[in-house]
Every structure is written in C-alpha cells, then in structure tokens.
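Participant: need coordinates for the below:
(one chain, ligands or ions: 1)
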Amino acid sequence: MTQKQTLNFQAEVAQLLHLVTHSLYSNKDIFLRELVSNASDACDKLRFEALQDNGLHEDAPNLEVRIEFDAAARTLSITDNGIGMSEAEAIENLGTIAKSGTREFMNRLSGDQKADAQLIGQFGVGFYSGFIVADRITVESRRAGLKPEAGVRWESAGTGDFEVEALTRAERGTRVTLHLREDAADYLSPWKLRSIIGKYSDHISLPIMMRKEGSPEEWETVNSATALWARPKKDITPEQYREFYKAISHDYEDPLAWSHNRVEGTTDFTQLLFIPSHAPFDLWNRDKAHGVKLYVRRVFIMDDAEALLPLYLRFVKGVVDSFDLPLNVSRELLQESRDVKAIREGNTRRVLTMLEDLAKGDDYAKFYGEFGPVLKEGLGEDFGNRERLARLLRFASTQSDSVSVSFADYKARMKEGQSAIYYITGDTLAAAKNSPQLEIFRKKGIEVLLMADRVDEWALNYLDEFDGTPLQSVAKGAVDLGGLQDEAEKKAAEEAAESFKPVLAKLKEALKDKALDVRATTRLVDSPACLVVTEGGMSTQLARLLKQAGQKAPDVKPVLEVNPEHPLVKKLDGSPNFQDLAHILFDQALLAEGGLPEDPAAYVKRVNALLA
Ligand code: ADP
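Facilitator: Below you'll find the model as predicted:
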C-alpha cells in the first residue's frame, strides 16, 4: 500500500483522546515519561527478538533513545531504534486499545474531569498522552527486519481519525514527533527536558540522549542508563523508587510500600516489589494478571505476573531480574521451571513480610480497604502460607464497626469459657450485624466477627481454626456456646425444648417442603425464628450468590430454628391458623437474612389474612 489512507480511531480511543486532551492538564509532564517508556519497551522487544534472529540488530546494535526539539518549528521528537512497527502494526497499535477491560473502564468514567483524570491515570494513557501537549503527532516507523520501503508514516490531530501512508526509512525503529500546542512551548528547552527525564525516566536502562549544549553536533547521555533495580540500594532515593513505581504501573499515587532485594539461594534473582495504594480498575479480572515484569540478566522477557506471584497477590507491581533462567525462556517453560517456582515462593514470602510490616502502621487500613478481599482468596490458594495470611486478615465485629479486628485481637478479648471464634456472613455488614442469629451472643456480650465480602464464605471454608482456636459460623449447625452457657440455662432450655416437642413435630410436617428440620433454639432472644444450615453445609447466602452469578448451586434446605419463648411462637400451639403461621415464620426468617420467600405473593396474602 502506498497511497495515503484516512482511518477512524476505534470508538474507545476517540473517547480516551477526548479525555486526555480535556482532563490531563494538571500533570502534562507525564507525556514524556510515557513516550520514553514506549521507546524503551520497543528496544526491549528488539533485544528479545534478536536473541532468535541476530540480524534484527541490522547495523545499529546499540539501543538508545534520542530526544530533540526544533524551537522554530515547535516540534519535539522522541526517536528509538527498537523494534519499530509495520504499517499494519501502526494501524492496530495506535488506532485501537487492546487492553482487556477497556469498555468497562470507559463506562466508569463520570464526566467529572477531575475524577476522570485520576481514573485515566490508572488506566495508563501511554502513547495518547502525547496529545496533552501536541495538536498533531507524526509517527515514522519501520519494523526491524523489514525492507526500508516497508516503513510507515502515521499522523493524527488526535480527534476522530488518523492518516497512514508508506514511507521509506533506512533506520529501523520509531520516531514520534509532537507538534506542540502553543501553550506547551516551554518543552522546547533543554533544561526543562533534562529535568523531566531526570525525574521520570532516569531508571530507564537505555541511554536517553540529547544534543550537547554548546556543541549540538555531539550527543550526550542524560540519564543514569542503568536499570534502577540493578543499582545498589544505598544509591537509590525514596523519590526514585516512587517515580520508578509510577512509571511501571502508570499509577499517579505513591505506592504504600516497596522492597528491593538481591535473593541468593536455590536461584539468584533481584526483586523489586511494590504495594500500590489503591486498586487498579481491573483488579477483579483474574485471568489477566500483569504488573510484575520478568527480566533475565537485564533483558526484558515478559510482563506476566502469574508465573511470578500467586493470583491472590496480583495487585503487586514490580520487577524480577533472574540471573539463572535461560534467555529463551518461554511461557510454557516458565510454568515448569524450578527456578521460577523458587522465585515465586521468594516473592510470596517477601510480599507477606511487607504486609506484616505494613500491618504495624496506619497505612494498613488503606491497604486492606483496597485489597483485603483479594488477599482472602489466598486462604484457598496458598495452603503453605495460610497461617500467615490469617494473621493479616481484618474484620468488622459486633464490637467494632471498622474493618480492623484481627483474629489475634479477637482471641485476646474472648470471654472466659469461650472456646471458638464466632463469625457470621451476610450480604452486607449491616445485614450481618442485624442478623437474629446474633441475639444470644449480643445478650451475653460475646463478640462475633461480621463478614460481608463475597469471598468470605468461600475463603473461610479453608480456615478451620486460628492459632489453635476453632472458627465457628453462628449460622451453621446448632448453637453451641460450650462453657459460656451455665447449667441452669442449659437445663431450662432442655425443659422448654421437651415441652415444645409436639409443636415442633407439627411445624416440621407443615414445612417439610421448605425446611430440612425444625428445632428449638436458645440462640434467639427477640426474634421468633431464624434459618441455619447444617454444619459443613453451604450457607443460603452463598447458594444465592452462586445462583445470581449463574453458577450451579445445590438447593440448600435450611434448618428452621424457633424461639419457644417468643409470643408469636407460643401462639402456635392450638392456633386455628397454624399452617399460615408456620409458613410466615419460615418466610420471615428468610427475609431477615436478606432472602426472598419462594412465593412472595402467597406470603403477603397470609400476612394480610392475619392482619385483617
Ligand atoms: P501500551 O504501551 O500500554 O501498550 P500505548 O498506547 O502507549 O500502550 O502504545 C500502544 C502500542 O503501540 C504499544 O503496545 C506498542 O505496540 C506500540 N508502540 C507505541 N510506541 C512505540 C514505539 N516507540 N515503538 C514501537 N511500538 C510502539
């Protein structure tokens, strides 16, 4: 194809571009970081591909990025001799967004420029950030290994469309030329450019070159040009760590913590891991874990966190540089490699240590609010670290509205004679807190942990005990207060249950299609009845959630527990409306825990009949 072609941007790109130019004024400088980062990625890709095909280096084996400007023309250009793009690649890469979750992300934008600017920072605008400062961008590129005539010129004003045409380009790689807006002319200054590079791109391992002041024929390197993680820790300032984090994560906020280590043992590697301060937009996308980049002796291999960290730590960002892996390591090989396994375990231990340290300070609440639910997945995924993970969990409780109670805190407050850690799950914290199942616990002043994250029910399945104390759901099985119940109470309860037996039998018969069993309970104080599931059974909430999510869930028949002391229950004996009352009792218990009667209309009819 030689003729000039005008093509439309994918709708999401057009939307993104609009946002970029309208809401990212406050932090203009980042465009340079993004473009330099793309240039550096392109060089990484060349280096990687050249491992298989040395010819790709052509006659320019030294990878580098050059930045220069033309004040008269008001242009600024960033040139790399990396992998470059073919015409098809330019159309694809610069005209569409391949990122998964793009559509959902776009839907979350509110139209409020300030809020959107923050979100968009998280998403990573990459190449398109050039349009913050430019009203036109020209990209000239040629893919390594293709003929000079196979180059491409791409140009756009960043609105609805872009143009592409064929180009002959002797050098491989890419040159991005920004035609600066009038109000961005301050970037036409060597001093300004150098200071931005120093701040945002110093860690780039390639030389970033600019013309020497005073003798413009000569070029000089203006960054440190060594990978940040490969430098001694003592030479790296906290500011540099933070900027490095922002560059690799596209985050606009500082990380909560980081850890930088040279690990020696089964396998040698350097790890530099960061804990972000807020969740990315795609945190729940479990099949696209990314964010920890793998290098082998400084050569970038892939951005594939999955091999390097368990999935429940997918929020971690960073770099791993292995000394032992072969350079031609493939994804398949990664999964089987013992070195990779050792790296993964080392990373996991390190992250848990970071979190343990974080848990000592005030930042932990922030961390936990963002990533707590993800961390809980670890109970089911990482048996080896279950104990450590359990210590990192925090919950709300009947004694604390904030999600801040650890199992250890709970244990320290346990009542004399209490032998279990009690918890309840609900659709929301409020629902859990108001659950009738808690009544006896409240009366006796026994703390119960409240759980309302979707993963809780599932995750807690994997945790039977903490530090020797069993965990017990107050909504499962018969209530067993063990040593917390005194003898007199026990006796009274047994007697009440005995005299209540005939009514129970009738209830059981009336509700045989709905309830697995009906029994008397001492767990209720103010409520007439509640539903529980059998020990080891799936809770009704979880079953409901699974069904909502379109998954198969067993039809759990709950157990109806009734409070023989309650006036409504006392009325049952000999009542002419026994059948209706029995069903109302059951349906109300269901309503109280956030469920819906099987036949809501019938329920309303029965209640109304009684009211009338
Ligand atoms: P990201 O870098 O997050 O993938 P960008 O919007 O910054 O997103 O870039 C989109 C794509 O364009 C890149 O993934 C890459 O394939 C291509 N690209 C951008 N800049 C360059 C460059 N300097 N050399 C080669 N390819 C590039």
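
Participant: next SSE downstream of the helix or strand containing Ser37?
Facilitator: Under the assignment given by DSSP states H and E, the secondary-structure element containing Ser37 is helix 30-50. Using DSSP H and E, the next helix or strand after helix 30-50 towards the C-terminus is strand 65-70.

Participant: what's the helix or strand just after that next one packed up against?
Facilitator: On the C-terminal side of strand 65-70, the nearest following helix or strand under DSSP H and E is strand 75-80. Contact analysis of strand 75-80 by 3 or more CB pairs under 8 Å, 6 or more residues apart in numbering; DSSP states H and E lists helix 30-50, strand 65-70, strand 173-180 as its packing neighbours. Glycine gets a C-beta too; all of them are placed from N, C-alpha and C.

Participant: show the average pLDDT along the shortest one.
Facilitator: Pointing back at strand 65-70 there. The predicted model assigns strand 65-70 a mean pLDDT of 97.

Participant: can you list contacts of it?
Facilitator: Contacts made with strand 65-70 from outside it, assessed by CB atoms under 8 Å, 6 or more residues apart in numbering, are listed as 32, 36, 39-40, 43, 75-80, 187-188, 193, 197, 204, 206-211, 219, 222.

Participant: cool, stretch 411-427 as well?
Facilitator: With contacts defined as CB under 8 Å, 6+ apart, stretch 411-427 is touched by 395, 399, 407, 410, 432-433, 435, 437-438, 441, 444-452, 456-457, 460, 466-467, 469-475, 480, 482-484, 539, 541-542, 593-594.

Participant: for the stretch 401-550 of the chain, just list every one of the helices.
Facilitator: When secondary structure is read from DSSP state H, counting those that start in this stretch, the stretch 401-550 of the chain shows helices at 407-413, 429-433, 439-443, 456-460, 487-510, 540-548.

Participant: which one of the helices and strands packed on strand 75-80 is the most hemmed in?
Facilitator: The highest mean neighbour count among those, using mean count of other CB atoms under 10 Å, belongs to strand 173-180: a mean of 23.

Participant: how near is the nearest residue to Gly126 once chain neighbours are set aside to Ala390?
Facilitator: Spatially, and ignoring its direct neighbours in sequence, Gly126 is nearest to Glu34 (5.3 Å; CB to CB, 6 or more residues apart in numbering). Noted for Glu34: a distance of 41 Å to Ala390, by CB to CB, to the nearest Å.

Participant: what about the strands in the stretch 201-350 of the chain?
Facilitator: Using DSSP state E, counting those that start in this stretch, the strands found in the stretch 201-350 of the chain span residues 208-212, 215-221, 257-263, 269-275, 292-296, 299-303, 317-322.

Participant: dump those to TSV, plus distance to the ligand, mean pLDDT and mean neighbour count.
Facilitator: As requested, the strands of the stretch 201-350 of the chain are exported to TSV (distance: least, CB to the nearest ligand atom, whole Å; pLDDT from 0 to 100; neighbours: other CB atoms under 10 Å):
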stretch	distance to the ligand	mean pLDDT	mean neighbour count
strand 208-212	13	96	19
strand 215-221	19	93	11
strand 257-263	22	97	18
strand 269-275	18	97	24
strand 292-296	13	90	23
strand 299-303	10	82	18
strand 317-322	14	95	25
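
Participant: can you lay out these as TSV showing distance to Phe371?
Facilitator: Compiled in TSV, the strands of the stretch 201-350 of the chain are given as follows (distance: least, CB to CB, whole Å):
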stretch	distance to Phe371
strand 208-212	34
strand 215-221	39
strand 257-263	12
strand 269-275	8
strand 292-296	15
strand 299-303	20
strand 317-322	12
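
Participant: of those strands, give the one that comes closest to Phe578.
Facilitator: Taking CB to CB as the criterion, Phe578 comes closest to strand 269-275 out of these, the separation being 59.5 Å.

Participant: sheet partners, orientation included, of that closest one?
Facilitator: Strand 269-275 has the following sheet partners, assigned by DSSP bridges: strand 257-263 (antiparallel), strand 317-322 (antiparallel).

Participant: for His179, find the nearest of these.
Facilitator: Using CB to CB, the strands paired with strand 269-275 put strand 317-322 closest to His179, at 33.5 Å.

Participant: quick one: that closest one to strand 292-296, angle?
Facilitator: For the pair strand 317-322 and strand 292-296, the angle between their directions (axes from the mean of the first three to the mean of the last three CA atoms, to 10 degrees) equals 20 degrees.

Participant: in the stretch 451-600 of the chain, what residue lies closest to the ligand?
Facilitator: For the stretch 451-600 of the chain and the ligand, the shortest gap (CB to the nearest ligand atom) falls at Val455, measuring 29.4 Å.

Participant: my read is that that residue contacts Glu377, right?
Facilitator: Yes: counting by CB atoms under 8 Å, Val455 sits close enough to Glu377 to count as a contact (5.9 Å).

Participant: the two: which has the busier surroundings?
Facilitator: Of the pair Val455 and Glu377, Glu377 is the one with more neighbours under other CB atoms under 10 Å, namely 20 against 17.

Participant: can you name the residues that contact the nearest residue to that one once chain neighbours are set aside?
Facilitator: Counting by CB to CB, 6+ apart, Glu377 lies nearest to Tyr312, which is 4.0 Å off, once chain neighbours are set aside. With contact taken as CB under 8 Å, 6+ apart, Tyr312 is in contact with 374-378, 381-382.

Participant: try it again at 10 Å.
Facilitator: Contacts here follow CB atoms under 10 Å, 6 or more residues apart in numbering; on that basis Tyr312 touches 286, 348, 351, 371, 373-382, 385, 389, 455, 459.

Participant: and the pLDDT for it?
Facilitator: As predicted, Tyr312 sits at a pLDDT of 94.

Participant: Leu524 too?
Facilitator: Model confidence at Leu524, expressed as pLDDT, equals 87.

Participant: kindly export stretch 196-213 (C-alpha atoms) in CSV.
Facilitator: Taking only C-alpha atoms (Å, rounded to 0.1, in the frame of the first residue of the first chain), the coordinates of stretch 196-213 have been written out as CSV:
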residue,chain,number,x,y,z
ILE,A,196,11.7,15.8,33.4
ILE,A,197,13.9,12.9,32.2
GLY,A,198,15.8,13.1,35.5
LYS,A,199,12.6,12.9,37.4
TYR,A,200,10.6,10.3,35.5
SER,A,201,12.9,8.4,33.2
ASP,A,202,16.3,8.2,35.0
HIS,A,203,15.8,4.5,35.7
ILE,A,204,15.4,3.6,32.0
SER,A,205,18.2,1.2,31.3
LEU,A,206,19.0,2.5,27.9
PRO,A,207,20.9,5.7,27.2
ILE,A,208,18.5,8.6,26.7
MET,A,209,20.5,11.1,24.6
MET,A,210,20.2,14.8,23.9
ARG,A,211,22.3,17.2,21.9
LYS,A,212,25.2,18.6,23.9
GLU,A,213,24.7,22.2,24.8
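
Participant: and the gap between the residue in the chain that the ligand sits nearest to and Leu17?
Facilitator: Using CB to the nearest ligand atom, Gly126 is the residue of the chain that sits closest to the ligand, at 2.2 Å. When CB to CB is the yardstick, Gly126 and Leu17 sit 12 Å from each other.

Participant: what's near enough to touch the closest residue to the residue of the stretch 451-600 of the chain closest to the ligand other than its chain neighbours?
Facilitator: Spatial nearest neighbour of Val455, excluding adjacent residues (CB to CB, 6+ apart): Lys376 at 4.9 Å. Residues touching Lys376, when contacts are defined by CB under 10 Å, 6+ apart, comprise 312, 389-390, 392-393, 451, 453-456, 458-460, 462-463.
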